[in-house]
Structures are given as C-alpha cells and as structure tokens.
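> pasting a predicted model and its sequence here:
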Amino acid sequence: MVSLGDVRRWEPGPLDGAEQQLKVCAETLPWIADELSGPAKPGGWHGLAADAAFVKRAQLVDGMEHIVAAVHAARTALMAASDGVTGLRYLVAEADGLAQACGFRISDAGEIVDPGLPPDVPAEHADAVRQEREQVRAELLERVRQILTRAEGIDDALAGVLGRIKRGEIHDGGATSLAAAAEAGAAQGATTPQIPGPPPDPPTDPGAGEHDSDPWYTTFDDRATKELAGIAATFADGIGWTHAAAHLRHYLDNSGDDRTVNPDEMMRDVDRFRGEVDKTTAAEMRRIATEAEANGTYGKPVQFNSGWKGDYIGPEDSKDWYYAMGGVQYAVTGVATVHPPDHPGGEPRIEMDYRTHVFDRYNWDGGKETEIGPVTISDDSMAEMHRAGVAQEYNISGSTDTKHYTGTVPPPGQQPPLPPPPENRDGTRTDPGRK
C-alpha cells in the first residue's frame with residue numbers, strides 16, 4: 001500500500017531522467033538496424049552456411065523489433081507516471097495548504113492531526129468553531145483518500161508495464177520495420193487505469209453480539225420465533241417483497257455467508273436512491289474536471305473513488321428494500337478522462353466508465369416491531385435468534401456492471417443524463433434468483 005509519506009517523496013525528475021536515457025538508447029537502434037538490413041546473402045554465397053546466416057539475420061531483426069517495442073513501451077509508461085506524479089504533487093500541496101490554513105497538519109500516515117481550538121476563540125463561539133473544524137477535517141480526510149487512490153493507480157500502471165517488459169510480454173505487433181515496432185510498443189505502454197473496486201468494508205454496528213452465545217436451555221422460544229419468521233418470509237415473497245424474503249431466509253439459514261445484491265435492481269426500484277447515487281457521480285465529475293483544469297491533466301485517464309456514502313431506504317421508498325436492507329452504504333468508482341471545453345467559457349467534456357457498489361450488514365436494531373402480513377415480530381426477538389445460534393447476521397454487498405457516460409461536465413445544481421439501470425424483471429416467485 002502506498003502511504004501519503006511515500007507520495008510526498010515521489011518526484012517526477014527521476015522518471016523523466018529514465019525516459020530520456022531510454023530515448024538516447026532508442027535513437028541508436030536505427031543505426032544498428034541499418035547494419036542488419038544489408039544483404040543477407042552476399043553475391044555468390046550459397047549452401048548451408050548461407051542459409052543459416054539468412055535465418056540468423058531474420059532472428060536478429062525480429063529480436064531487435066521486440067527490443068524497440070519494449071523500449072518505447074517503457075518510455076510511454078514513464079512519461080505517463082511522471083505526468084501523474086506532477087499532478088499528485090499539486091494535490092498534496094493543496095491539501096497541506098488547506099490543513100495549515102485551518103490549523104491542522106496531515107501526517108505521513110494520512111492522519112489529520114488536530115491541535116485543538118485556537119486559544120483566542122471566545123467561549124460562546126467554541127461549539128460553532130468545533131463544528132466547522134470537523135467539516136474541514138472530513139474534507140481533508142477525503143482529499144487524502146483521493147490522493148492515495150490516484151497514487152495506487154499510477155504505481156500499479158507503471159509496475160504493470162515494467163513487469164510485462166521483464167516477462168517478455170511486449171510484442172512488436174507483427175511489425176516489419178523498427179518504426180512500426182516502436183509504435184506498437186508505445187501503444188502497449190499507454191495502459192488505461194482500471195476501474196477501482198469497492199472501498200474497504202465500512203465499519204458496522206455491533207449488531208446482536210456474539211453468535212450462539214446464549215445457553216442452550218434458554219433458546220426454546222427462539223426456535224418458535226424462527227418458525228414465525230419463516231412464515232413471514234413466505235408471506236413477503238407471496239406479495240412481491242422478494243428481496244426482503246430472500247434476505248430473511250438467508251438469515252434463518254444460519255450460515256453467516258455473505259450475500260450478493262445488484263445495486264441496479266435497487267436503483268431501478270427506488271428512484272430516490274438512484275437520484276442520490278447520480279448526485280454523487282455528478283459531484284465526482286465536477287471534482288475531476290476541476291483538478292484536470294488546475295493541474296493540466298486534460299486528456300489523461302484518472303481513477304476516482306467517491307468513498308462510502310450513507311443512505312436510508314424507508315418504507316415510503318420501497319417496503320421490499322426497506323425490509324431487505326434499510327440503511328445502506330454506497331460508493332461510485334471509475335476511470336474518467338476530461339477534455340477541455342469546445343469553446344471558451346464552455347463546460348469541459350468527460351468520458352467516464354464507472355460502477356456503483358453497495359454494502360450493508362444484515363442485523364436487527366432492537367426497539368422496534370416488524371409487521372409482515374399476519375406475523376408481528378420484534379427486532380429484539382429477531383436479534384435474540386442470532387445469540388441463540390438459530391439464525392446468523394451476515395454482510396450484503398454488490399456492484400453494478402460497468403456503465404459509460406460521454407458528455408459535458410454538468411455545472412453545480414444540474415444532473416447529467418446518466419445511463420439508467422437496466423430493466424430486468426424476469427423469473428417467478430419460486431426462483432430465488434428472480435430479479
């Protein structure tokens with residue numbers, strides 16, 4: 001893992017220096033190629049030796065073309081890494097400047113060091129100032145996370161190309177000249193960053209406590225509760241709350257195994273939730289476009305990661321998803337390339353591939369009652385089944401397929417026409433995988 005201290009020590013100069021050394025080497029290769037391109041068989045030379053020389057020359061030429069391809073792949077990757085590091089230095093300096101201006105310090109570990117309220121803050125303003133400082137602290141943490149995400153992408157991209165060169169995986173594209181081999185190699189060095197996966201699982205509440213921790217002789221009523229919960233799951237499935245039924249049955253199955261959901265289904269069924277995800281996606285667009293204009297990364301693909309955002313799907317949104325998940329965490333990750341405006345004063349354009357991720361811990365809060373058809377079960381009794389060892393809490397997560405957007409970057413307050421979730425309502429209620 002790359003740390004903020006590592007990023008602070010990164011310099012574009014050594015990368016540029018290495019690229020220039022390879023450039024000098026590359027400029028000598030055509031002269032060597034000229035030597036090889038002479039006649040393979042001098043006039044009047046025939047026989048086995050002449051044939052062997054011809055074969056050897058062809059092997060040398062092919063090997064030279066692969067070397068040229070590898071050199072240009074490395075040059076392209078080094079230049080891209082240098083540009084990326086230059087942009088990172090701008091982002092780090094901007095974050096450090098904000099921290100210093102507000103009386104904070106960002107450690108090499110990426111932690112926000114807060115010395116506390118300034119001594120001259122009046123007592124009657126202390127609470128308001130603390131609240132403002134907490135907001136600044138949250139922004140600094142977000143900036144550090146974005147810097148590290150981008151740094152990981154730069155590091156992985158360069159290491160990936162150099163690893164392919166070391167393993168001999170850079171090809172010459174079937175070139176018949178060194179110029180064609182150089183072009184093929186440069187294309188392989190210009191790797192596009194991959195869409196980041198979901199952020200690490202967010203922290204969850206303690207839930208019902210330790211699984212199967214109650215004495216066995218206190219669990220008889222919990223087994224009766226489990227029977228009622230099974231009836232509730234059957235009723236939920238019968239009225240179309242298929243996700244709520246499936247998640248409750250998974251809880252009652254008592255495996256504790258993770259369960260996967262498709263966020264597209266959630267966004268298809270809950271318009272308000274889709275709106276929140278789209279707002280986050282648009283905010284990431286604006287942030288990336290602002291950075292591209294500031295640090296000169298127009299035309300260069302960059303990774304982004306919104307981090308986890310909280311949302312609550314209530315019964316007014318969808319009773320199915322309310323009982324299936326309720327409070328959820330979501331994040332948007334992707335790769336975006338920003339292009340300058342087509343005309344002065346216009347909005348920049350962006351090409352973006354992205355995915356949405358969700359996470360939830362299936363557990364019971366306590367203090368409420370859930371009424372599903374003829375069955376009313378308290379959250380306390382549902383949680384008690386976990387401690388009794390007859391049901392088990394579990395994690396729910398999932399990611400959409402990759403979506404693509406090309407268009408202008410929306411100004412604040414406007415939403416871009418992002419692609420909608422696909423319609424998929426196939427299957428029957430007896431199919432546990434029904435959409």
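Structure's in. What do you need?
> run through the bridge partners of Glu351.
Taking DSSP bridges, one finds Thr337, Thr406 as the beta-bridge partners of Glu351.
> enumerate every residue touching it.
Contacts for Glu351 were tallied using CB atoms under 8 Å, 6 or more residues apart in numbering; they are 336-337, 339, 404-406. Placement of C-beta: from N, CA and C, glycine included.
> also Asp342?
By CB under 8 Å, 6+ apart, the neighbours of Asp342 are Arg349.
> if you set the cut-off to 10 Å instead, what comes out?
Counting by CB atoms under 10 Å, 6 or more residues apart in numbering, Asp342 touches 348-349, 408.
> so can I have JSON lines of the residues you listed showing neighbour count, distance to Glu142 and pLDDT?
Listed next are these as JSON lines, based on neighbours: other CB atoms under 10 Å; distance: CB to CB, whole Å; pLDDT from 0 to 100:
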{"residue": "Pro348", "neighbour count": "19", "distance to Glu142": "22", "pLDDT": "92"}
{"residue": "Arg349", "neighbour count": "17", "distance to Glu142": "25", "pLDDT": "94"}
{"residue": "Thr408", "neighbour count": "17", "distance to Glu142": "25", "pLDDT": "93"}
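> so who does Lys309 touch?
If a contact means CB under 10 Å, 6+ apart, then Lys309 has 202, 276-277, 279-280, 283, 328-332 as its contacts.
> quick check: it vs Lys279, distance?
9 Å (CB to CB, to the nearest Å).
> re the thing from before, identify the farthest-apart pair in the contacts of Glu351.
Pairwise distances across those (CB to CB) peak at 15.2 Å, for the pair His339 and His404.
> if you count what's nearby, which of the two comes out ahead?
Between His339 and His404, counting by other CB atoms under 10 Å, His339 is the more crowded of the two (16 against 11).
> quick one, phi psi at the closest residue to that one other than its chain neighbours?
Counting by CB to CB, 6 or more residues apart in numbering, His339 lies nearest to Arg349, which is 4.4 Å off, once chain neighbours are set aside. The phi/psi pair for Arg349 (degrees, to the nearest 10) reads phi -100, psi 150.
> quick one: end-to-end distance for stretch 117-137.
Taking CA to CA, to the nearest Å, stretch 117-137 runs 13 Å from one end to the other.
> so how far is that stretch off the chain centroid?
34 Å (CA atoms, centre = their mean, to the nearest Å).
> then stretch 233-253?
With CA atoms, centre = their mean, you get 31 Å for stretch 233-253.
> mean confidence for it?
Averaging pLDDT along stretch 233-253 yields 94.
> now the end-to-end length of that stretch.
Note: stretch 233-253 ends 12 Å apart using CA to CA.
> show me which residues of that stretch are buried.
Going by neighbour count (16 or more other CB atoms under 10 Å), the buried part of stretch 233-253 is 233, 236-237, 241-252.
> if we can go back for a sec, which ones among the contacts of Lys309 map onto helices?
276-277, 279-280, 283 (DSSP state H).
> closest to Gly296 among those?
Ala283 (22.0 Å).
> who's in contact with that closest one?
By CB under 10 Å, 6+ apart, the residues touching Ala283 are 306, 309, 332, 410, 412.
> do you know how far the first one is from Ala283?
Summarising the geometry, the distance separating Ser306 from Ala283, computed by CB to CB, is 8 Å.
> need the residues touching each of the two.
Listed as contacting both Ser306 and Ala283 by CB under 10 Å, 6+ apart are Val332.
> buried among the contacts of Ala283? Need that as a selection in PyMOL.
Buried subset of the contacts of Ala283, written as a PyMOL selection, criterion 16+ other CB under 10 Å:
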select buried, resi 306+309+332+410
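> any chance of the contacts of Glu351 in a markdown table, plus pLDDT and distance to Lys56?
Listed next are these as a markdown table, based on pLDDT from 0 to 100; distance: CB to CB, whole Å:
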| residue | pLDDT | distance to Lys56 |
| --- | --- | --- |
| Ala336 | 93 | 49 |
| Thr337 | 93 | 45 |
| His339 | 93 | 49 |
| His404 | 95 | 49 |
| Tyr405 | 95 | 53 |
| Thr406 | 94 | 51 |
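> could these go into TSV alongside distance to Thr28?
Formatted as TSV, the contacts of Glu351 follow (distance: CB to CB, whole Å):
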residue	distance to Thr28
Ala336	39
Thr337	35
His339	37
His404	43
Tyr405	45
Thr406	42
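> quick one: which of these is nearest Asp258?
Nearest to Asp258 out of those is His404 (CB to CB; 28.3 Å).
> quick one, what contacts that closest one?
His404 is in contact with 334, 351-354, 418-419, counting by CB under 10 Å, 6+ apart.
> neighbour-wise, which of the ones in helices among the contacts of Lys309 leads?
Val277 (24 neighbours).
> verify the stated contact: that residue with Thr400.
Yes. Using CB atoms under 10 Å, Val277 makes contact with Thr400 at a distance of 9.4 Å.
> residues shared between the contacts of these two?
Common neighbours of Val277 and Thr400 (CB under 10 Å, 6+ apart) are 263, 266-267, 332, 356, 358, 421.
> remind me which residues of the stretch 201-350 of the chain are low pLDDT?
Nowhere does the stretch 201-350 of the chain drop to pLDDT under 70.
> now the helices for it?
Taking DSSP state H, counting those that start in this stretch, the helices of the stretch 201-350 of the chain run over residues 220-238, 242-253, 263-269, 271-295, 319-324.
> turn these into CSV, including distance to Gly173.
Formatted as CSV, those follow (distance: least, CB to CB, whole Å):
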stretch, distance to Gly173
helix 220-238, 56
helix 242-253, 49
helix 263-269, 38
helix 271-295, 31
helix 319-324, 50
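> these: which one's closest to Ala186?
Per CB to CB, nearest to Ala186 of these: helix 271-295, 22.8 Å.
> the longest helix along the chain to helix 271-295, inter-axis angle?
Counting by DSSP H, the longest helix found in the chain is helix 48-101. Interaxial angle of helix 48-101 relative to helix 271-295 (axes from the mean of the first three to the mean of the last three CA atoms, to 10 degrees): 100 degrees.
> by contact count, what packs against helix 48-101?
helix 4-9, helix 12-36, strand 105-106, strand 112-113, helix 126-166, helix 178-189, helix 271-295 (3 or more CB pairs under 10 Å, 6 or more residues apart in numbering; DSSP states H and E).
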